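Asks: My questions are about this predicted structure, shown below with the sequence.
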Amino acid sequence: MKTHAWHRTLGAWLFFPILYFVFNTKISLLWYALSFIVYISIALTVTVGYHRLFTHNAFVCSKFWHWTFGLLGTISLNSSPVHWSTVHSSHHKFSDTHDDPYDSNWKHFLRFKDRSSVKATKNELRMMRDPMHKFFMDYSLLLSVLFGLFLYVINTNLFLFLYALPTTAYLVTSGLHTIFAHDEHGAKNLWLMEFIIPMAGEWIHREHHDKPGNSKFNSKPEHFDLGGNFIEMIKNVKRPS
């Protein structure tokens with residue numbers, strides 16, 4: 001299965017010119033607060049929606065949240081849920097080997113070629129039969145571009161602070177997570193990073209690799225898993241029969 005990487009890589013590099021424009025814009029601190037809220041929303045979308053819901057089926061929630069996560073994820077240049085899930089499933093299967101599709105080094109920020117060696121699992125094949133996921137597969141990049149243009153036409157600050165800055169910032173931080181959350185011994189718990197570069201629980205990485213089907217990563221008091229707390233708010237109490 002072919003999955004695209006160039007738009008995420010390009011988005012990460014665009015963080016630096018966007019940061020220049022942001023710092024040269026005289027604006028209220030409220031805009032920075034709003035940008036941070038959008039960033040956290042993207043982080044929750046990826047860890048709760050793309051990661052724990054779509055990829056690992058760790059919990060059940062309403063279709064409303066499926067659409068919400070799919071829309072926010074595609075708009076923020078995280079590819080379609082199917083493509084993201086396919087790459088991440090392959091990461092779990094070949095973690096820390098030559099066949100791992102993740103680049104746990106600085107090559108992550110230089111990947112522009114499509115991945116062609118990853119294979120869809122039964123989970124992704126099931127997702128492909130869902131009209132919602134088929135829609136996101138076909139139009140993920142277009143949705144992101146149109147949303148960015150829409151905000152830019154309305155107001156430049158809306159584009160910069162509610163789209164460009166939080167989207168590119170997350171692509172940078174998720175890249176840093178890919179690089180530093182693994183070493184020669186495998187996945188690591190860097191729980192303190194959640195308070196420095198928040199990713200809604202993704203820095204508790206060893207816990208996830210040990211028990212990928214768990215919806216919460218915080219097995220210790222010091223583990224702050226915002227994504228797990230959010231799941232407790234939206235998940236269905238009982239799985240449908």
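Replies: Perfect, thanks for sending it. Residues are numbered from 1 along each chain as shown.
Asks: could you pull out the helices for the protein?
Replies: 6-13, 15-23, 29-44, 63-75, 81-93, 122-128, 131-154, 156-159, 165-180, 205-210, 226-234 (DSSP state H).
Asks: could you say what helices and strands the second one packs with?
Replies: Looking back up the chat, that one is helix 15-23. For helix 15-23, the packing partners by 3 or more Cβ pairs under 8 Å, 6 or more residues apart in numbering; DSSP states H and E come out as helix 165-180. No exception for glycine: its C-beta is placed from N, CA and C like everyone else's.
Asks: Same check on the longest one?
Replies: Judged by 3+ Cβ pairs under 8 Å, 6+ apart, the packing partners of helix 131-154 are helix 63-75, helix 81-93, helix 122-128, helix 156-159.
Asks: most tightly surrounded among these?
Replies: helix 81-93 (a mean of 22; mean count of other Cβ atoms under 10 Å).
Asks: Residues contacting that helix, please?
Replies: 1, 3-4, 46, 49-51, 54-55, 69-70, 73, 78, 99-102, 115, 118-121, 123-124, 127-128, 133, 136-137, 140, 209, 212 (Cβ atoms under 8 Å, 6 or more residues apart in numbering).
Asks: among those, which ones are buried?
Replies: Among the contacts of helix 81-93, those classed as buried by neighbour count (16 or more other Cβ atoms under 10 Å) are 1, 3-4, 46, 49-51, 54-55, 69-70, 73, 78, 101-102, 115, 118, 120-121, 123-124, 127, 133, 136-137, 140, 209.
Asks: returning to what we had before: output the helices of the chain as TSV; include the columns distance to R111.
Replies: Compiled in TSV, those are given as follows (distance: least, Cβ to Cβ, whole Å):
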stretch	distance to R111
helix 6-13	5
helix 15-23	16
helix 29-44	20
helix 63-75	19
helix 81-93	11
helix 122-128	20
helix 131-154	16
helix 156-159	26
helix 165-180	10
helix 205-210	20
helix 226-234	25
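Asks: Could you find the closest non-adjacent residue to the residue nearest the centre of the chain?
Replies: In the chain, the residue lying closest to the centroid (Cα atoms, centre = their mean) is V46, at 3.3 Å. Leaving aside its sequence neighbours, V46 sits nearest to N78 (Cβ to Cβ, 6 or more residues apart in numbering; 5.9 Å).
Asks: looking at it, that neighbour is touching Y50, isn't it?
Replies: Yes: the criterion here is Cβ atoms under 8 Å, and N78 meets it with Y50 at 6.4 Å.
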